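following is a predicted model, sequence given first.
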Amino acid sequence: VSVGFGNPDILDALAHSEIWPQADLSSVPFVLTGGAPVPERLIRAYLDRGVTLLQGYGLSEAGPLALLLDPGSALEKIGSAGRPPLLVDVRIVAPDGTDLGPGETGELLVRGPNVMTGYWNRPDATREVLSSDGWLRTGDAARRDDEGFIWIVDRVADRFLSDGRPVYPGDVERVLIGHPSIADAGVVQINTTGRGEVVVAFVVLSAGSDATEQDLLASCRQHLAPHQVPASVTFVDRLPRNSVGKLIRARLRAIAEA
């Protein structure tokens with residue numbers, strides 16, 4: 001094996017295997033991952049074994065690669081999905097289609113020879129996502145920095161308002177997963193009387209951790225804007241994820257509402 005690929009759940013499970021410290025990884029220069037947030041500790045676990053963990057981003061309609069982080073930027077740009085490869089162009093746009101600048105969150109558009117020509121026998125669906133000049137609407141919210149590196153924030157459809165200001169659950173989840181006591185985290189919104197929609201978090205604690213709800217909320221207040229801070233934290237044994245590691249928010253939201 002010379003190149004590995006897996007979603008963060010699988011790669012984390014491998015790193016927690018009892019044979020991980022002795023496994024011969026000398027032939028593997030790097031492993032590609034994506035599909036879910038990648039915590040810094042997972043990147044460092046692979047670097048400690050001499051393997052660079054590279055994040056990327058793609059979708060079936062784009063061949064499937066649209067962004068890739070280069071090995072030299074793996075630590076400097078932790079959390080980034082990288083930049084577009086050769087011949088691929090990307091834009092981040094507001095709902096009205098205007099281009100957004102660095103640090104602003106909008107929908108990611110992709111254009112290039114990797115982009116599909118359309119859905120088979122589904123012209124209406126094709127027109128919804130593919131413009132006449134070849135730009136594919138990914139449905140994913142993203143932001144870029146001054147150097148052109150792009151962070152995938154969340155699905156555009158998952159955005160909601162809390163205290164009248166927009167919240168992307170992925171922004172909150174990245175802060176939670178970055179906490180040393182948290183192994184996994186999921187965020188959804190619920191409707192409340194008086195405040196409207198508020199943020200609620202579900203977390204899986206790391207083995208041996210005794211962090212409390214108040215500990216985690218205090219950390220969130222340090223790293224998030226007030227409207228992004230969860231109103232509550234619920235501890236669970238595991239989060240609902242699909243076979244490629246993506247959080248099933250609908251199921252988590254049903255649990256929250258119940």
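Here it is on my side, so go on.

please make it C-alpha for all contacts and neighbour counts, starting now.
Will do.

now for the longest helix along the chain, which elements pack on it?
In the chain, taking DSSP state H as the definition, the longest helix is helix 213-223. Under the contact criterion of 3 or more Cα pairs under 8 Å, 6 or more residues apart in numbering; DSSP states H and E, helix 213-223 touches helix 169-177, strand 232-235.

nearest to A185, of the ones you listed?
helix 169-177 (5.8 Å; Cα to Cα).

could I get the buried residue list for the next helix or strand after that closest one?
Scanning forward in sequence from helix 169-177 by DSSP states H and E, the next helix or strand is strand 182-192. When burial is assessed from 16 or more other Cα atoms under 10 Å, strand 182-192 yields the following buried residues: 182-189.

tell me what angle strand 182-192 forms with helix 213-223.
Calculated by axes from the mean of the first three to the mean of the last three Cα atoms, to 10 degrees, strand 182-192 forms an angle of 90 degrees with helix 213-223.

for strand 182-192, packing partners?
Short answer (3+ Cα pairs under 8 Å, 6+ apart): strand 182-192 packs on helix 169-177, strand 196-205, helix 249-257.

all strands of the stretch 1-150 of the chain, in order?
3-5, 30-33, 52-58, 65-68, 89-93, 106-111, 136-144, 150-155 (DSSP state E, counting those that start in this stretch).

could I get those strands in TSV, plus columns for distance to Q22?
Formatted as TSV, the strands of the stretch 1-150 of the chain follow (distance: least, Cα to Cα, whole Å):
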stretch	distance to Q22
strand 3-5	17
strand 30-33	18
strand 52-58	17
strand 65-68	29
strand 89-93	41
strand 106-111	41
strand 136-144	38
strand 150-155	34
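
returning to that earlier point: which of the helices and strands packed on strand 182-192 sits closest to S162?
strand 196-205 (5.3 Å).

what's that closest one in contact with?
160-163, 181-192, 211, 228-239, 256 (Cα atoms under 8 Å, 6 or more residues apart in numbering).

low-scoring stretches of the stretch 1-150 of the chain, by residue?
Nowhere does the stretch 1-150 of the chain drop to pLDDT under 70.

now the helices for it?
8-15, 40-47, 123-129 (DSSP state H, counting those that start in this stretch).

save these as CSV, and put in mean neighbour count and distance to P169 too.
What follows is the helices of the stretch 1-150 of the chain, written out as CSV (neighbours: other Cα atoms under 10 Å; distance: least, Cα to Cα, whole Å):
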stretch, mean neighbour count, distance to P169
helix 8-15, 17, 18
helix 40-47, 17, 19
helix 123-129, 13, 23
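
format those as CSV; extra columns: distance to V88.
Below are those laid out as CSV (distance: least, Cα to Cα, whole Å):
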stretch, distance to V88
helix 8-15, 25
helix 40-47, 26
helix 123-129, 17
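
what's the closest of the ones you listed to L53?
helix 40-47 (5.6 Å).

send me the closest one as CSV with only the CA atoms.
Extracted in CSV, the C-alpha atoms of helix 40-47 (Å, rounded to 0.1, in the frame of the first residue of the first chain):
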residue,chain,number,x,y,z
GLU,A,40,-5.9,18.4,14.6
ARG,A,41,-5.1,15.5,17.0
LEU,A,42,-5.9,13.0,14.2
ILE,A,43,-3.6,14.8,11.8
ARG,A,44,-0.9,14.7,14.4
ALA,A,45,-1.5,11.0,15.2
TYR,A,46,-0.6,10.2,11.6
LEU,A,47,2.3,12.6,11.4
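
relative to E61, how far out is the residue located most distally from the centre of the chain?
Checked against the mean C-alpha position of the chain, the extreme residue using Cα atoms, centre = their mean is N121, at a distance of 31.2 Å. According to Cα to Cα, to the nearest Å, N121 stands 15 Å off from E61.
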